[in-house]
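[1] Pasted the sequence and its predicted model underneath.
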Amino acid sequence: MDTRVVLGLVLCVALIGCSNKEEAASKAGGGVPATADISAGKAVAEGECKACHGMDGKGIAPGIPTLAAQRYRYLVEAMEEYRQGKRMHVVLTKIAEGLTEKQEHNVLAYYASLPPVARTSDRPVHAFSPYDEGKKLATECAQCHGADGNSTTAGIPTLAGQQPGYLVAAMQEYLNAERARTPMHPVLRSLNRLQMESVALYFASQAPAERGTPPFGDPNAGQPLSAVCGGCHGPSGVSVDTATPRLAGQDPRYLVDAIKAYRTTRKRPSMRVYVNQLSEKQIEDIAAFYSIQKSRPAERGQTLVKDLTDKCNRCHGPDVAANPNVPFPKINGQDRDYLIMALRAYRDNRRQSSMMHTMSLPYGDAIIESLADYYSSQPVK
């Protein structure tokens, strides 16, 4: 993804009379201009870049990107972003500001002309699957919420098909005592953020079961009352925002309890204003209406990582790998920790790229780490 600062694969354009090293570099087609002085660039790298990126272009520690064999055009654009403050790194910004145009041209050409650095980590990379991890952890939840997240007990919410961002937020609210204490507290305390996101993705990917006639309330009377709710939760309670809960197909007793909780313990001022205007019967009617609406899975966790890598490969994959002139970095074999840092920076708007921000925004650390695992384990070309 556009999400890796200065990575790695760009090589020299072969010229008549160029050195053997330059000829080898040009064959890889990295887009290095013929005007570049590789020897002069090596000297700049010796003085300015070696301490972090090494002379072979491989970062000397986790979190430092590999520059060897990166596209020259991408490296130029990355340095410009450091100079303009679009990417934040004190040392790199200082270096970018201190180099002359010719020095920068040559040093980036030097790193781009280097052969790819094979991944040499002693730690085997096993692609992390948040869905599979969530499925294992979800066994702790099955007693109350059902193995697939479809609750059959009155007052216990259905988790199947729920928005994953909302599920993570709800778990944290329980832990922070922003919601009433429940038997799930001991289980939640044992989960870290990555595990919470994985459980949420698993349940979000399950198919919600349809519910029969609710034991109370009038769905027909509840429909017009739900008009205000539809602005956030969707016209039938099927929200499209990952942080907004889906109400369709939810247990009606749970919905009644949740709606009333916004009068007291749950902190949503906009919800409280509307809920305070509702009578007990109106609340039951709204709950009855939403309980019989059809919902669907909010995510496709079983194939999400593959779906995302297919999308990323449109800019970073093998089909564009041989094109030296595209502005996107090559990320196969890139340092895993660096990839994680870069994706988080795009997601959190600490790097400026509207396309990457849009693509990264919906995803938590579990998805980001799985993508980093995948690309860092791919062969370098």
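    Received, thanks.
[2] switch to C-alpha atoms for all contacts and neighbour counts from now on
    Will do.
[3] Can you give me the pLDDT of Ile16?
    Per-residue confidence (pLDDT) for Ile16: 25.
[4] cool, and Gly57?
    At Gly57, the pLDDT value in this model is 96.
[5] Equivalent analysis for Pro130, please.
    pLDDT, Pro130: 93.
[6] Correct me if wrong: it contacts Ile367.
    Yes - at 6.8 Å, Pro130 and Ile367 qualify as touching, with contact defined as C-alpha atoms under 8 Å.
[7] where in the stretch 201-350 of the chain is pLDDT low?
    Residue ranges of the stretch 201-350 of the chain with pLDDT under 70: 321-322.
[8] What segments of it are helices?
    Assigned by DSSP state H, counting those that start in this stretch, the stretch 201-350 of the chain shows helices spanning 219-225, 227-233, 252-261, 269-275, 280-291, 304-316, 318-321, 336-347.
[9] what's the answer for the stretch 1-150 of the chain, then?
    Under DSSP H, counting those that start in this stretch, the stretch 1-150 of the chain gives helices at 20-27, 38-48, 50-53, 72-84, 90-98, 101-113, 130-137, 142-145.
[10] So the residue most central in space within the chain, which state does it fall into?
    Centroid-nearest residue in the chain, with C-alpha atoms, centre = their mean: Tyr363, separated by 3.3 Å. Secondary structure, DSSP: H, G, I helix; E, B strand; the rest coil: Tyr363 is coil.
[11] ok, now which ones touch it?
    With contact taken as C-alpha atoms under 8 Å, 6 or more residues apart in numbering, Tyr363 is in contact with Arg347.
[12] repeat for Leu167
    Ala200, Pro245.
[13] Need the three-state assignment for it.
    helix.
[14] how near is it to Glu210?
    20 Å (C-alpha to C-alpha, to the nearest Å).
[15] domains of this structure?
    20-124+303-376, 149-291 (automatic domain parsing).
[16] hmm, back to that, what pLDDT does the residue nearest to the centre of the chain get?
    73.
[17] So it versus Leu308, what's the distance?
    11 Å.
[18] again with Gly47
    From Gly47 to Leu308 the distance is 39 Å (C-alpha to C-alpha).
[19] between those two, who's got more neighbours?
    Using other C-alpha atoms under 10 Å, the more surrounded residue of Gly47 and Leu308 is Leu308, with 13 against 9.
[20] Identify the residues contacting Asp251.
    Contact analysis of Asp251 by C-alpha under 8 Å, 6+ apart lists Ser151, Ala154, Gly155, Ile156, Pro157, Thr158, Ser291.
[21] Quick check, Thr242 in contact with Val168.
    No - using C-alpha under 8 Å, Thr242 is not in contact with Val168, being 10.1 Å away.
[22] So for Pro130 and Ile367, which sits in the more crowded spot?
    Legend: neighbour count by other C-alpha under 10 Å for Pro130 and Ile367, higher for Pro130 (28 against 25).
[23] what helix or strand is the closest residue to that one other than its chain neighbours on?
    Closest residue to Pro130 apart from its sequence neighbours, by C-alpha to C-alpha, 6 or more residues apart in numbering: Ser198 at 4.6 Å. For Ser198, the enclosing helix or strand under DSSP states H and E is helix 193-204.
[24] Mind giving me the packing neighbours of that helix?
    The contact analysis (3 or more C-alpha pairs under 8 Å, 6 or more residues apart in numbering; DSSP states H and E) places helix 193-204 against helix 130-137, helix 164-175, helix 365-376.
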